[in-house]
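# Next one to model:
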Amino acid sequence: MAALVTMAAIWGSTFFLIKDVVSRVPVTDMLVVRFAIATVALVVVLAPRRQLVLSRPVLVRGSLLGLVFGAAQVLQTYGLELTSASISGFVTGLYVVITPLLTWVLLRHRVGLLTWLAVALATVGLGVLSLQGLQVSPGALLTLASAACYALHIVGLGRWSEPGTALSLTVVQLAVVTVVCLPPALADGLTLPATGFDWGAVLYLALIAGSFTMLLQTWAQSQVPATRAAVVMSLEPVFGALFAVALGGESFTWRITVGGLSILAAMYLVELGPLLRRRRAGPRDRAGLPA
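Okay, the predicted model is just below:
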């Protein structure tokens, strides 16, 4: 759990930083540089220790997960160009509500009443954040699509991640994200960061918020169920809003306050159902003893 909380805090710190960098470096160009550095860094660290095990299952699963995660990154970053960092953080956090829905559709896991209430509450929060009169913010819609991709990634990672292959699975995912972003970046020529500040930001995004957090998530999800992991990671938008206000020069509006609180309430409703079931189960069932 501590690994997922750390990851959520680091990811939360990236929203205002990415929004600033993509005002000078095109979205896909920044993503290519970021994930290429992240991939190379992990390979350099792991290869000499012979910790890379690129078996066929690892390559296939890592490639599929990388495609989904790469799509999420592209959609989120383009959405961040069109909305504020704090709103982007809260809308991205909707993956915590989408995750149990995907486990229901894809894995046939039952979805309780509280989860459906959470979906309704999250929809209200999203509407408050994204509706502008009768128009819908395109940035919020792109970010919502990225949240769905993140949820799919969480479900897939929970299904396929194993402690023994977490390192190798991380490398494959990062490499595939780089490949996904490369064609559009090369279409009009690759633009590199031009200042020391931008390079510092990209290095932070690559090494700390890229390879390190991906490794944390891949390892942690080999230990924690997908829905619970998503709930812990829902701290990301909270950290995102705090960083955006403290360091990004943004301010809390009524939309951010009402919409953000609605989404946060939805996130924790998702966790309330399993908690109540465990309490009803009693100490004997929780210990795995016969009734």
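# in the chain, what secondary structure element scores lowest on mean pLDDT?
Within the chain, confidence by mean pLDDT, DSSP states H and E is lowest for strand 131-132 among all helices and strands, at a mean of 60.
# number of nearby residues for residue 265?
Close neighbours of residue 265, defined as other Cβ atoms under 10 Å, add up to 15. All C-beta spots, glycine's among them, are computed from the backbone N, C-alpha and C.
# so how far is residue 144 from it?
Going from residue 265 to residue 144 by Cβ to Cβ, to the nearest Å gives 18 Å.
# and what of residue 255?
Noted for residue 255: a distance of 15 Å to residue 144, by Cβ to Cβ.
# Between the two, which is the more surrounded one?
residue 144 (22 against 18).
# doesn't residue 93 make contact with that one?
No: Residue 144 is not in contact with residue 93 according to Cβ atoms under 8 Å; the separation is 10.7 Å.
# residues shared between the contacts of those two?
With contacts defined as Cβ atoms under 8 Å, 6 or more residues apart in numbering, no residue is shared by residue 144 and residue 93.
# Cross-check the contact I'm expecting between residue 137 and residue 80.
No: between residue 137 and residue 80 there is no contact, the gap being 11.9 Å when judged by Cβ under 8 Å.
# average pLDDT for stretch 70-79?
For stretch 70-79, mean pLDDT is 91.
# Not counting it itself, show me its contacts.
18, 22, 27-28, 30-31, 35, 88, 91-92, 138-143, 145-147, 149-150, 153, 176-177, 179-181.
# of the residues you listed, buried ones?
18, 22, 27-28, 30-31, 35, 88, 91-92, 139-143, 145-147, 149-150, 153, 176-177, 179-181 (16 or more other Cβ atoms under 10 Å).
# What about those, which are in helices?
Members of these lying in helices (criterion: DSSP state H): 18, 27-28, 30-31, 35, 88, 91-92, 139-143, 145-147, 149-150, 153, 176-177, 179-181.
# what's the burial count for residue 6?
Residue 6: 14 neighbours (other Cβ under 10 Å).
# same thing with residue 69?
Using other Cβ under 10 Å, the number of residues around residue 69 comes to 25.
# Hmm, it is touching residue 177, no?
Yes: assessed by Cβ under 8 Å, residue 69 is found in contact with residue 177 at 5.8 Å.
# Low-confidence ranges, the stretch 51-200 of the chain, go.
51, 86, 111, 126, 129-136 (pLDDT under 70).
# Can you list the residue ranges for strands in it?
Applying DSSP state E, counting those that start in this stretch to the stretch 51-200 of the chain gives strands spanning 131-132, 135-136.
# Can you report phi and psi for residue 221?
Main-chain dihedrals, residue 221, degrees, to the nearest 10: phi -80, psi -10.
# hmm, I was thinking of residue 93
The phi/psi pair for residue 93 (degrees, to the nearest 10) is phi -60, psi -10.
# could you check the distance from it over to residue 264?
Distance, residue 93 to residue 264, using Cβ to Cβ: 8 Å.
# out of these two, which sits in the busier spot?
More neighbours surround residue 93 than the other of residue 93 and residue 264, with 30 against 21 (other Cβ under 10 Å).
# Please tell me how far that one sits from residue 5.
14 Å.
# Find the nearest non-adjacent residue to residue 163, please.
residue 222 (4.8 Å; Cβ to Cβ, 6 or more residues apart in numbering).
# Check residue 233 too.
Leaving aside its sequence neighbours, residue 233 sits nearest to residue 8 (Cβ to Cβ, 6+ apart; 5.0 Å).
# Could you confirm that neighbour falls within a helix?
Yes: membership of residue 8 in a helix is supported by DSSP: H, G, I helix; E, B strand; the rest coil.
# And it, how close does it get to residue 187?
34 Å.
# residues in contact with residue 142?
75-76, 78-79, 82.
# PyMOL command for the buried members of those residues?
The PyMOL command for the buried members of the contacts of residue 142 (criterion: 16+ other Cβ under 10 Å) is given here:
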select buried, resi 75+76+78+79
